[in-house]
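Engineer: this is the structure alone, sequence omitted:
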């Protein structure tokens, strides 16, 4: 009993394990069909039909539908076309979970390709093998090749070893053929590569390789034949396929075209002229010329076109040129003349262009050759005709000098007949006597000066015979002027005074200064006094301050007088300064003031005018800085033994003086006046011995001035 129990237990355990493994389900999908197909252990898994050399894949989905965890182990695959690409060996598969196993199918033979897939599921020490049969079909492509010569050729089949012969083609022109690779087999095939050899042959329009060609499909590309030289050209076209031998097709073509040869005839000697070779013409005197004949011959087997004839380089030109473009038949030619007329002594170079072919030219001019340069400090700079010389920035009021150097690099003596300069501030100090003779290899030098008179850019021209140079100079702003003070100037002045004023700098200035002192007058009575002016006349006066000094000079004097006038107000003096024409006046402009205060009238003279038996005239001369006289008082002194009933006479003069001061005549006299008072006497006028006169305004009463009548 005990023995059977043990046996029974083993059998029951095995049965349970086998039943447990049956809870797994299997489904697969392929790279050609994503739909899942259900299979069981022992059944077939079918790979999709696949072309030789191509690969398809199959993915097996393994699902645990039971209650225990199983582990997949010992997976193997057989069959030359099959290979596991995603290996889940050692993967635990819990209940309700799945894992995948992927294998590839790459047939090497057509028809059926069989194999087997197996693995073991283990759990609790028990192992359950799972087996599947693998089937797949290998398909065979059948490649057919052909070509069409463009533009009007027929499609021609061609196999390995055949030849595509392109039509004769002009050099640098192109003939093309379309090449077709068609798959007439039962399965897809792969074109791995397409290559062409031979410098004249080129493949274009080809899809990205490797490329899969399905049955009844094709790929097409273009073969171009572009010969760069005349004669036969050959090459090969090689096509490599996956799983089959490559094919090689011969390529052949012939380049045709024109062939131009060139000949130069110098005097009686003719020589071939190779493209790119230098043609050297004989040395030629300045003013003379030399002519060479150039012949172009078409020695090729096609028409040639000469697109144009041209020459570059000073002194070189073409004469008797035929019209271009010109067509030359095989054996045809054209002739023209190349002329060398040197423009300067020494070597001359140029380039002759015949169509697209260039020929360097060389010649020598015999004569003088002048080279020009500017010398600024240690630097010597060559000058070209119509070039520019830029002077160093120059302080306003200063002068900068540069040198112009002329060198004769030719092989004959040169003569300079004229040298001149134009432009504000430019000059030629110490110019040597003209004409100048410069021997071959020798140099001469002269100076050009620039005096800056402003901060603006200045231009000029230096003319040396027919050679011209632009000149350009610029003035640096002058340095600032130190503080300016006024000297000898009183704070106030009396009417008719003639004080003086001077100007002084706090620090000496390094350059000559010129300036203007301006006098302005602000009247206290709304009327100007034209008599207020400088002793030199007018209200402006010029002055200078020599370089490195501090005192202004007014026509040689260190001060200038001015007339204070007779009208109350403020006289303001304002100074402006400049170096050359550039203002350097400090901001604010230096100024000073003199005040003429309003005051009581001032009587200067009293005179007796016209006298009659019963009257006399009193003429009163004076001034009133306030331009106001409101009252005149006359004090009479009787003659001896005479008795005067009236000894004091007061006259309201405000209206009369207002009229005077507002008149144009009155304005021209400032505040000066001459008043006429007629005194009528009851009785004899000789009863009055003398008269004392005073005048008054709002600022007070004037001085008293007397005059005798007898």
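Structural biologist: Arrived safely. Everything numeric in this text was worked out from a predicted model, so none of it was measured.
Engineer: how's this protein carved up into domains?
Structural biologist: Taking automatic domain parsing as the domain assignment, the record places the domains of the chain at 2-139, 143-256, 260-366, 370-476, 484-596, 602-708.
Engineer: check those domains for me: which has the lowest mean pLDDT.
Structural biologist: Set side by side, the domains of the chain show their lowest mean pLDDT on domain 2-139, which sits at a mean of 83.
Engineer: ok, back up a step: how about the domains of the chain in JSON lines, adding mean neighbour count?
Structural biologist: The C-beta positions use only the backbone N, C-alpha and C, and glycine is treated the same way. Below are these laid out as JSON lines (neighbours: other CB atoms under 10 Å):
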{"stretch": "domain 2-139", "mean neighbour count": "16"}
{"stretch": "domain 143-256", "mean neighbour count": "16"}
{"stretch": "domain 260-366", "mean neighbour count": "16"}
{"stretch": "domain 370-476", "mean neighbour count": "16"}
{"stretch": "domain 484-596", "mean neighbour count": "17"}
{"stretch": "domain 602-708", "mean neighbour count": "16"}
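Engineer: would you mind confirming that residue 692 is in contact with residue 647?
Structural biologist: No: checked against CB atoms under 8 Å, the pair residue 692 and residue 647 is beyond contact range at 10.3 Å.
Engineer: overlap in contacts, the two.
Structural biologist: A shared contact of residue 692 and residue 647, defined by CB atoms under 8 Å, 6 or more residues apart in numbering, is any residue touching both; here these are 635, 637.
Engineer: ok, the residue nearest to residue 50 when sequence neighbours are not counted to residue 212 distance?
Structural biologist: Excluding the flanking residues, the one nearest residue 50 by CB to CB, 6 or more residues apart in numbering is residue 56, at 4.6 Å. Note on residue 56: its distance to residue 212, by CB to CB, to the nearest Å, is 12 Å.
Engineer: likewise residue 534?
Structural biologist: 111 Å.
Engineer: with residue 126 instead?
Structural biologist: Summarising the geometry, the distance separating residue 126 from residue 212, computed by CB to CB, is 47 Å.
Engineer: other residues contacting stretch 50-59?
Structural biologist: Under the contact criterion CB under 8 Å, 6+ apart, stretch 50-59 has outside partners 28-32, 45, 47-48, 85-86, 100-110, 136-141, 187-190, 212, 241-244.
Engineer: and with 6 Å instead?
Structural biologist: Contacts to stretch 50-59, defined as CB atoms under 6 Å, 6 or more residues apart in numbering, come from residues 28-31, 47-48, 100, 102-107, 138-141, 187-190, 242-243.
Engineer: likewise for stretch 219-239?
Structural biologist: By CB under 6 Å, 6+ apart, the residues outside stretch 219-239 that reach it are 166, 169, 171, 174-181, 194-198, 200-207, 211, 213, 246-255, 257.
Engineer: and whatever helix or strand residue 444 lives in, what does it pack onto?
Structural biologist: In this structure, residue 444 sits in strand 443-451 according to DSSP states H and E. Here strand 443-451 touches strand 399-408, going by 3 or more CB pairs under 6 Å, 6 or more residues apart in numbering; DSSP states H and E.
Engineer: give me that answer again for 7 Å
Structural biologist: Packing contacts for strand 443-451, counted by 3 or more CB pairs under 7 Å, 6 or more residues apart in numbering; DSSP states H and E, involve strand 399-408, strand 426-427.
Engineer: quick one, strands of the stretch 601-710 of the chain?
Structural biologist: Using DSSP state E, counting those that start in this stretch, the strands found in the stretch 601-710 of the chain span residues 602-611, 615-623, 631-638, 648-652, 672-680, 688-697, 700-701, 705-708.
Engineer: quick one: the shortest one to chain centroid distance?
Structural biologist: So that's strand 700-701. On the basis of CA atoms, centre = their mean, to the nearest Å, strand 700-701 is displaced by 79 Å from the centre of the chain it belongs to.
Engineer: and for that strand, what's in contact with it?
Structural biologist: Outside strand 700-701, the residues that touch it by CB atoms under 7 Å, 6 or more residues apart in numbering are 600, 694.
Engineer: cool, and the third one?
Structural biologist: With contact meaning CB under 7 Å, 6+ apart, strand 631-638 is reached by 618, 620, 644, 647-653, 675, 677, 679, 687-696.
Engineer: angle of it against strand 615-623?
Structural biologist: 130 degrees (axes from the mean of the first three to the mean of the last three CA atoms, to 10 degrees).
Engineer: sheet partners, orientation included, of strand 631-638?
Structural biologist: In the sheet containing strand 631-638, the strands it pairs with under DSSP bridges are strand 648-652 (antiparallel), strand 688-697 (antiparallel).
Engineer: any chance of these in JSON lines, plus distance to residue 305?
Structural biologist: Formatted as JSON lines, the strands paired with strand 631-638 follow (distance: least, CB to CB, whole Å):
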{"stretch": "strand 648-652", "distance to residue 305": "119"}
{"stretch": "strand 688-697", "distance to residue 305": "112"}
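Engineer: between those strands, which one is closest to residue 447.
Structural biologist: Proximity of the strands paired with strand 631-638 to residue 447 was assessed by CB to CB; the nearest stretch is strand 688-697, lying at 71.6 Å.
Engineer: how far is the closest one from where the chain is centred?
Structural biologist: Going by CA atoms, centre = their mean, the spacing between the C-alpha centre of strand 688-697 and its chain's C-alpha centre is 88 Å.
Engineer: that strand vs strand 672-680, what angle?
Structural biologist: Angular relation of strand 688-697 and strand 672-680 on a 0 to 180 degree scale: 140 degrees, by the same axes, to 10 degrees.
Engineer: fine by me, thanks again.
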